[in-house]
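Undergrad: Below are the sequence and a predicted model for it; my questions follow.
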Amino acid sequence: MLLTELANRIGAELSDPGAVIEINDVCALTDANPFGVTYVSSEKFRHALRVTTAGAVILAPALAAEAPCACLLVDNPVLAFARAAELLHPRSRSPVGCHPSAVIAAGAEVHPSASIGALCVIEDGVRIAAGVEIGPHCVIQRDSLIGAETRLVASVTVCERTIIGKRVLLHPGAVIGRDGFGFARDGERWIRVPQIGRVRLGDDVEVGTNSAVDRGAIGETVVGDGVKIDNLIQIGHNVEIGDHTAMAACSGISGSTRIGKGCTIAGAVGMAGHLDIGDDVHFTGMAMVTRSFEQPGTYSSGIPAMPSADWRRNVARFRHLDEMAKRLRRLEERVAELQKAQRDQAD
Amino acid sequence: MLLTELANRIGAELSDPGAVIEINDVCALTDANPFGVTYVSSEKFRHALRVTTAGAVILAPALAAEAPCACLLVDNPVLAFARAAELLHPRSRSPVGCHPSAVIAAGAEVHPSASIGALCVIEDGVRIAAGVEIGPHCVIQRDSLIGAETRLVASVTVCERTIIGKRVLLHPGAVIGRDGFGFARDGERWIRVPQIGRVRLGDDVEVGTNSAVDRGAIGETVVGDGVKIDNLIQIGHNVEIGDHTAMAACSGISGSTRIGKGCTIAGAVGMAGHLDIGDDVHFTGMAMVTRSFEQPGTYSSGIPAMPSADWRRNVARFRHLDEMAKRLRRLEERVAELQKAQRDQAD
Amino acid sequence: MLLTELANRIGAELSDPGAVIEINDVCALTDANPFGVTYVSSEKFRHALRVTTAGAVILAPALAAEAPCACLLVDNPVLAFARAAELLHPRSRSPVGCHPSAVIAAGAEVHPSASIGALCVIEDGVRIAAGVEIGPHCVIQRDSLIGAETRLVASVTVCERTIIGKRVLLHPGAVIGRDGFGFARDGERWIRVPQIGRVRLGDDVEVGTNSAVDRGAIGETVVGDGVKIDNLIQIGHNVEIGDHTAMAACSGISGSTRIGKGCTIAGAVGMAGHLDIGDDVHFTGMAMVTRSFEQPGTYSSGIPAMPSADWRRNVARFRHLDEMAKRLRRLEERVAELQKAQRDQAD
């Protein structure tokens, strides 16, 4: 593809509109090649930019003077790069139709433009819309709906009555709609409370590898449009996640917690149940969220790692922090008395 | 179903024994319908109770006066609701017999009343008892035993020689009995120590989505009767968990730790290996368990989230907590000297 | 097997070379049997050693005097025990060839000495080397390479273009090579950045149950030779892990972080992205790694669990730790002034 065409298709302005450069790949800034296009998203890569061997670089106009190669000028370099990567590395779609090894119930409706991979199981009452791609080894249980252009990569399990929107992407091992963890006590025993709700995933949702979204106990677990859920994440029953919230790997959200729109939740965050998290709330990695945060802002917790010997000493003191605070208070009182006595004496 | 029949079957007393009300669903207190039965488990829902539109509500007698609808009076409303939900939403059992697409070894024994779903793999030496339901895409490896009425929902992997009790429930992606993480050092290299033990799950155990229970290195990993394990949980080799202990999602138990009976372990708890946790021990969410806790009680750790700016300042101080404690001690000594000097002077 | 033969094959010296003892099993030190061989790796099992009923014990010469049975003397008892267990419990290999239920694309190359289990899916362009064992229900997507003698236990998913070394062991539910979690912002929406890289696993790597290794955004995610990854672990895109590093369960490594050789990472550790971790760095359980650690050493974080009432009090103080530190500083100044005043007065 000629650079001029690429610029045109990703909506970039060329620093040198006359340049005739062929681009057939994307590449990293520091491991580049002359037929590759790369990008710079931040000032801090200025030095690497100066010495890149890429054929072209996507960047904001302010950095163009530093580039040793052709520049594609845009406001949002990461977004433009995403588009370039899609053009240069188009994904090959699975062939339309059902693989003969798939087990498809008579009562399932599969749109003729959909693709069902090898060894899938599609149960009764399932409806699969136009353009859906189901990779190998997926299981879709009774009465679930899969919206148009949605893609299940492979080995995904969708439990009964789940509703999945359009253009959703589910990665291998994701399990959508299993029973939530709800029990009644009967003396010392736990008796399962039937989980009769379901999961509803909005449009453009993504759920990562080996993540779990449990269905509502009663009612729905709701994942809003554009929500991105990374790998190994647990979403409890009746959780609601607002549109365009993103969650990094290894986090867990307990039952009935509501999260607003446009939030970001970094890796390994834990949230207690029945909380209310507002819009535009951001949690840093490993945050322990035990109360509601309704105001926009960034919230954190945890003790970053330090040499173990220092850690042991500090942790030993932490165990007595309340006592330390009381000693400090008493000492302040004693010092105040001493000061007063000294002043009295001076008078 | 008439309310009188429902009351009878769940062991509840009717507040108005003469009422003729039809109930055909369960519903939430705040999203109710006139043919639905709901429940109230705590005083704190008193306000929602007053305005519910449910046809009937299950509750303790003390709250009955607040209800705007028929009351089903019981001591344990959650338990009674669980029973009502089972009656009103009976689960449809899979058809008895083996799906023709399942691959069942000649040397496997499957009880005629069991159900084996599509595309399952049942290896040699496996024995499957009466009433077992194996959903689609499960793998049961050599010489494993599956007890009566146990259910594998879908996509469950049971590794060789595992022993599974009666009425067990295994959710999609659960892996029972893989090799534990045991290695010997050989210079800089790690050499696997063969894991020749197995897993034994008691009766009425539940293991959640994408959770892993590793088999014993030698001997058994033992999960007691009635233990409930949520999603994305790791149980290391030779762990023993006492009857009726429950563990919430994202927790991990390291090898050879023993946990007593009736414990509750909240989400994302981590336990070191070779610990002894007594009966009736409770850990709150994200607790970091580095030593044995043999006495009943509730134990906690972690720093709850706060605004990031506050957190950064406090964490910076934590790094010097030991030094702070020493400064406090020195200051106490200096103040004591000052007080003594002042007293001496006053004398 | 005669003890003399066992000693010979594991490279041990017999304490009593004339003893005629038959050994046919390995056993635990405290649950032993007279035909079993066990081992002692540390002084702290001295007491258990004295009363073991094992037929023979593998140990370091220094402990031999305590043993009530035949001794196999070695420098590294765990390693010698691993070898003994392999001899006494040899794993039965799967039969060579492809199970008739497997779906193998015409364009895949499977070495005749390899074994492909029931209901596997092997896509076009995949190459499977000599001696590979693929258990049931595995999916290997386009253009992946599986090195000689590698074993996929069951239900493993290998995504497209993955390169897997020799003698690798992948446990059930592991997912190697899915798209990383990379997005560009487009106003409030997240747009996926195509992940066009791949994963490269070295020789002798192990990846545990339900763990995920994401492929590079551009370039590779690299797991070095001999690296051992336990269950439920997340490895982000473009992470690089040095040879012979081991990671315990439930840990997560964010994108582009580099970890050196010979590191050990205990359970539930979280690492931020773009960090540099040197060789021989060790993190204890639940460590929160927010900055680079380039020097060898052991690093820790987190607050170990304590009784909840104590924890609540101490946490309340932690929230004001910065203020406490400032009060301490002011108090030190006031005391210094008091001391100075007292000295002035005394002069």
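TA: Alright, I've got the coordinates.
Undergrad: ok, the residue nearest to residue A:182 when sequence neighbours are not counted - how many residues close by?
TA: Nearest in space to residue A:182, with sequence neighbours left out and distances taken as C-beta to C-beta, 6 or more residues apart in numbering or on different chains, is residue A:193 at 4.2 Å. Bear in mind the C-beta positions are built from the backbone N, C-alpha and C, glycine included. For residue A:193, the neighbour count with other C-beta atoms under 10 Å in any protein chain shown is 25.
Undergrad: Report the separation between residue A:193 and residue C:260.
TA: 48 Å (C-beta to C-beta, to the nearest Å).
Undergrad: And residue A:296, by the same measure?
TA: For residue A:296 relative to residue C:260 (C-beta to C-beta), the value is 39 Å.
Undergrad: try residue A:134
TA: 41 Å.
Undergrad: okay, the two: which has more neighbours?
TA: Remark: of residue A:134 and residue C:260, residue A:134 carries more neighbours, 29 against 20, as counted by other C-beta under 10 Å.
Undergrad: From what I see, the more buried one and residue A:119 are in contact.
TA: No. Assessed by C-beta atoms under 8 Å, residue A:134 is found out of contact with residue A:119, at 10.8 Å.
Undergrad: What segments of chain A are helices?
TA: A:3-10, A:46-50, A:77-88, A:308-318, A:321-346 (DSSP state H).
Undergrad: pLDDT of the second one, averaged?
TA: When pLDDT is averaged over helix A:46-50, the result is 95.
Undergrad: and what of the fourth one?
TA: Computed over helix A:308-318, the mean pLDDT rounds to 97.
Undergrad: wait, doesn't residue A:1 sit right on residue A:89?
TA: No. Counting by C-beta under 8 Å, residue A:1 does not reach residue A:89; the two are 11.6 Å apart.
Undergrad: Okay, domains of chain A per the record?
TA: A:3-88, A:97-299, A:311-346 (automatic domain parsing).
Undergrad: could those be laid out in JSON lines, adding distance to residue B:66?
TA: Output for these, formatted as JSON lines (distance: least, C-beta to C-beta, whole Å):
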{"stretch": "domain A:3-88", "distance to residue B:66": "55"}
{"stretch": "domain A:97-299", "distance to residue B:66": "21"}
{"stretch": "domain A:311-346", "distance to residue B:66": "40"}
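Undergrad: and of those domains, who's closest to residue B:30?
TA: Closest to residue B:30 of the domains of chain A, according to C-beta to C-beta: domain A:97-299, at 9.5 Å.
Undergrad: Run the chain-centre distance for the closest one.
TA: Centre-to-centre, domain A:97-299 and its host chain are 12 Å apart (C-alpha atoms, centre = their mean, to the nearest Å).
Undergrad: What of stretch A:84-104?
TA: Worked out by C-alpha atoms, centre = their mean, stretch A:84-104 lies 24 Å from the chain centre.
Undergrad: What are the contacting residues of that stretch?
TA: A:1, A:6, A:9-10, A:23-26, A:37, A:58, A:72, A:110, A:112-122, A:133, A:135-136, B:99, B:101, B:118-119, B:136, C:103, C:193-194, C:196 (C-beta atoms under 8 Å, 6 or more residues apart in numbering or on different chains).
Undergrad: buried residues in it?
TA: By 16 or more other C-beta atoms under 10 Å in any protein chain shown, the buried positions in stretch A:84-104 come out as A:84, A:85, A:86, A:87, A:88, A:94, A:98, A:99, A:101, A:102, A:103, A:104.
Undergrad: now do stretch A:289-296
TA: A:289, A:290, A:292, A:293.
Undergrad: and that stretch, average pLDDT?
TA: On average, stretch A:289-296 scores 98.
Undergrad: Kindly report the same for stretch A:332-347.
TA: pLDDT averaged over stretch A:332-347 gives 89.
Undergrad: any residue of it up close to chain C?
TA: Yes. Residues of stretch A:332-347 contacting chain C under C-beta under 8 Å from any C-beta of the partner chain: A:332, A:335, A:338, A:339, A:342.
Undergrad: That stretch close to chain B?
TA: Yes. With C-beta under 8 Å from any C-beta as the measure, stretch A:332-347 is seen reaching chain B through A:334, A:335, A:338, A:341, A:342.
Undergrad: distance between that stretch and the chain's centre?
TA: 59 Å.
Undergrad: for that stretch, which positions count as buried?
TA: So, applying 16+ other C-beta under 10 Å, buried residues of stretch A:332-347: A:332, A:334, A:335, A:338, A:341, A:342.
Undergrad: Surely the fifth one touches residue B:343?
TA: Spelled out, it's residue A:341. No. Taking contacts as C-beta under 8 Å, residue A:341 lies outside contact range of residue B:343: 9.9 Å.
Undergrad: Residue A:14: neighbour count?
TA: 18.
Undergrad: Which residues are in contact with it?
TA: A:3, A:4, A:7, A:70, A:71, A:72, A:73.
Undergrad: Serialize the helices of chain A to a markdown table and add fields for distance to residue A:247.
TA: Listed next are those as a markdown table, based on distance: least, C-beta to C-beta, whole Å:
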| stretch | distance to residue A:247 |
| --- | --- |
| helix A:3-10 | 28 |
| helix A:46-50 | 30 |
| helix A:77-88 | 19 |
| helix A:308-318 | 28 |
| helix A:321-346 | 32 |
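Undergrad: Out of these, which is closest to residue A:187?
TA: Per C-beta to C-beta, nearest to residue A:187 of those: helix A:321-346, 37.2 Å.
Undergrad: Does anything pack onto that closest one? Which helices or strands?
TA: Judged by 3 or more C-beta pairs under 8 Å, 6 or more residues apart in numbering or on different chains; DSSP states H and E, helix A:321-346 is in contact with helix B:321-346, helix C:308-318, helix C:321-346.
Undergrad: just the angle between the first one and helix A:308-318, please?
TA: Note on geometry: by axes from the mean of the first three to the mean of the last three C-alpha atoms, to 10 degrees, helix B:321-346 and helix A:308-318 are set 50 degrees apart in direction.
Undergrad: The last one too?
TA: Angle between the axes of helix C:321-346 and helix A:308-318 is 80 degrees (criterion: the same axes, to 10 degrees).
Undergrad: From the chain's centroid, how far away is helix C:321-346?
TA: 52 Å.
Undergrad: and what of the second one?
TA: Mean-position distance between helix C:308-318 and its chain equals 34 Å (C-alpha atoms, centre = their mean).
Undergrad: now stretch A:75-82
TA: 19 Å.
Undergrad: cool, and stretch A:16-28?
TA: 32 Å.
Undergrad: how about it: buried residues?
TA: Quick answer for stretch A:16-28 (16+ other C-beta under 10 Å): A:19, A:21, A:23, A:25, A:26, A:27, A:28.
Undergrad: Residues touching that stretch, excluding its own?
TA: Under C-beta under 8 Å, 6+ apart, the answer for stretch A:16-28 is A:1-4, A:6, A:33, A:35-38, A:54-56, A:70-71, A:81, A:84-85, A:88-89, C:196, C:218-219.
Undergrad: quick one: average confidence on that stretch?
TA: So the average pLDDT for stretch A:16-28 ends up being 91.
Undergrad: Give me the distance between the two termini of that stretch.
TA: Terminal residues of stretch A:16-28 lie 22 Å apart, using C-alpha to C-alpha, to the nearest Å.
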